[in-house]
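*Asks:* give the three-dimensional model of this entry:
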Amino acid sequence: MSLEAAIRRQTRLRQRSRSRGQALVEFGVIAVSLVLVIGAGIDLGLMVTARQSVSAATAEAARQAAYGQTPANVVQAAQKAASGTLASPSGLRVAVSYCKPSGSLCTTYCDAGFLALAADPVRPVGCVLPPAAGQNPAASQGDWVTVT
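*Replies:* Take a look at the predicted model:
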């Protein structure tokens, strides 16, 4: 084998190894990007699912309040609707507000989850514990009911 042929062969081998290294770097960049996109898609799906479960729990609680259930029953309905989903019923905090149509008299009943956190940023103003057994402050006809 002549010297010239050996040099050509060596040059071709270097070019192949550079080409392999370049392909490996390109694959690494693409793989990282692909993993990030897939992770973001999964995270978005979990967020939408949790939001939908909280929305369904709130809708069920509002329906119970509109039918004249007590605040304790409204809280139980919300927790029952959220059970079995990503939104944990133990972390669910429910507030039920009963207002007269004039807006002058509003009473807000909160479950113990709201009252445990004094500095809760979403705690409704004037939160009181649900009434004792025997008292039934359910909505009467014409009242506005808000479930938070």
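
*Asks:* return the list of helices and strands in contact with the host helix or strand of Gln22.
*Replies:* For Gln22, the element it lies in under DSSP states H and E is helix 3-66. Here helix 3-66 touches helix 71-82, strand 144-147, going by 3 or more C-beta pairs under 8 Å, 6 or more residues apart in numbering; DSSP states H and E. Heads up, the C-betas are built off the backbone N, CA and C, glycines and all.

*Asks:* quick one, it and helix 71-82 angle?
*Replies:* Calculated by axes from the mean of the first three to the mean of the last three C-alpha atoms, to 10 degrees, helix 3-66 forms an angle of 150 degrees with helix 71-82.

*Asks:* now for the chain, the helix or strand with the poorest mean pLDDT.
*Replies:* Sorting the helices and strands of the chain by mean pLDDT, DSSP states H and E puts helix 112-116 at the bottom, at a mean of 56.

*Asks:* point out where the chain drops to low pLDDT.
*Replies:* 1, 3, 6, 13-19, 84-91, 100-104, 111-148 (pLDDT under 70).

*Asks:* quick check: bridge partners of Cys99?
*Replies:* Cys106, Trp144 (DSSP bridges).

*Asks:* surely it meets Leu105?
*Replies:* Yes - if you go by C-beta atoms under 8 Å, Cys99 and Leu105 touch, sitting 7.0 Å apart.

*Asks:* out of those two, which sits in the busier spot?
*Replies:* Neighbour tally, Cys99 and Leu105, criterion other C-beta atoms under 10 Å: the higher count belongs to Cys99, 16 against 10.

*Asks:* what about Leu24, neighbour count?
*Replies:* The burial count for Leu24: 9, using other C-beta under 10 Å.
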